[in-house]
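S.K.: no FASTA, just this:
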């Protein structure tokens with residue numbers, strides 16, 4: 001994470017040196033996560049809580065338009081019920097989960113959001129913003145737990161794909177605290193469209209709905 005922060009800081013300094021306006025913010029977005037699948041034998045069984053936290057950088061190319069990027073740690077997941085028994089790869093072994101069991105997934109990614117942001121003029125102390133784009137992600141941790149105890153916070157890295165990607169739509173407000181500092185609040189929707197597993201028999205996708213919170217500098 002620290003190695004990836006340095007290039008972003010260099011980019012901020014470089015953009016400001018050439019007169020390009022750059023703003024960054026610290027974000028912490030609590031979210032509701034769930035999973036969907038194309039396999040009728042697998043059903044979605046509720047959501048899990050998660051947190052997406054990190055920094056966001058806005059590079060303005062016009063007064064109200066900016067390229068938006070950043071670097072975050074994103075915690076995704078969900079609950080799935082398997083009608084048939086499944087074998088899960090973990091640490092070189094195959095663990096069997098009996099049919100009818102709910103498996104709870106916790107997946108952690110390093111995320112690099114890439115978006116286009118629009119901001120209105122400031123009205124009073126408030127600015128309205130909309131941000132949309134794509135988020136490539138790299139998996140750094142995957143764990144699972146089944147209700148029968150066949151797996152219990154088990155390492156699922158062998159079962160999980162290295163990469164994930166979603167698109168996102170966010171909207172919210174900034175409330176100025178004076179100068180360049182503002183409080184940021186909004187809502188975001190993040191549907192995934194890349195299979196997060198290595199299994200060929202089915203495809204599983206992550207979805208999220210988040211409360212976007214942060215402080216802008």
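M.R.: Yep, it's here. Predicted model, so just to flag it, every value in this text is computed and none were measured.

S.K.: every contact and neighbour count from this point should use C-alpha atoms.
M.R.: Noted.

S.K.: element containing residue 106, please.
M.R.: Assigned by DSSP states H and E, residue 106 belongs to strand 102-111.

S.K.: what separation do you get for residue 24 and residue 66?
M.R.: According to Cα to Cα, to the nearest Å, residue 24 stands 12 Å off from residue 66.

S.K.: got the buried residues for stretch 75-94?
M.R.: Buried residues in stretch 75-94, defined by neighbour count with 16 or more other Cα atoms under 10 Å: 75-82, 88-90.

S.K.: swap that for stretch 28-38, sorry
M.R.: By 16+ other Cα under 10 Å, the buried positions in stretch 28-38 come out as 28-37.

S.K.: cool, and stretch 90-108?
M.R.: Buried residues in stretch 90-108, counting neighbours by 16+ other Cα under 10 Å, are found at 90, 97-98, 100-108.

S.K.: tell me what the most centrally placed residue in the chain is bridged to.
M.R.: Nearest to the geometric centre of the chain sits residue 74, at 4.4 Å (Cα atoms, centre = their mean). Beta-bridge pairing for residue 74 (DSSP bridges): residue 52, residue 109.

S.K.: now residue 136
M.R.: Assessed by DSSP bridges, residue 136 has beta-bridge partners residue 165.

S.K.: what sits against it?
M.R.: For residue 136, the contact set (Cα atoms under 8 Å, 6 or more residues apart in numbering) comprises 111-113, 163-166.

S.K.: ok, so what distance separates it from residue 150?
M.R.: From residue 136 to residue 150 the distance is 32 Å (Cα to Cα).

S.K.: what's the answer for residue 104, then?
M.R.: 12 Å.

S.K.: for the chain, what spans make up the strands?
M.R.: Assigned strands in the chain, in chain order: 21-37, 42-44, 48-62, 65-82, 86-90, 93-97, 102-111, 114-119, 126-146, 154-155, 163-178, 181-191, 204-216 (criterion: DSSP state E).

S.K.: direction included, what does the last one pair against?
M.R.: The partner list of strand 204-216 in its sheet, established with DSSP bridges, is strand 21-37 (antiparallel), strand 181-191 (antiparallel).

S.K.: distance to residue 57 and mean pLDDT added to those strands, as a markdown table?
M.R.: Formatted as a markdown table, the strands paired with strand 204-216 follow (distance: least, Cα to Cα, whole Å; pLDDT from 0 to 100):
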| stretch | distance to residue 57 | mean pLDDT |
| --- | --- | --- |
| strand 21-37 | 4 | 94 |
| strand 181-191 | 13 | 97 |
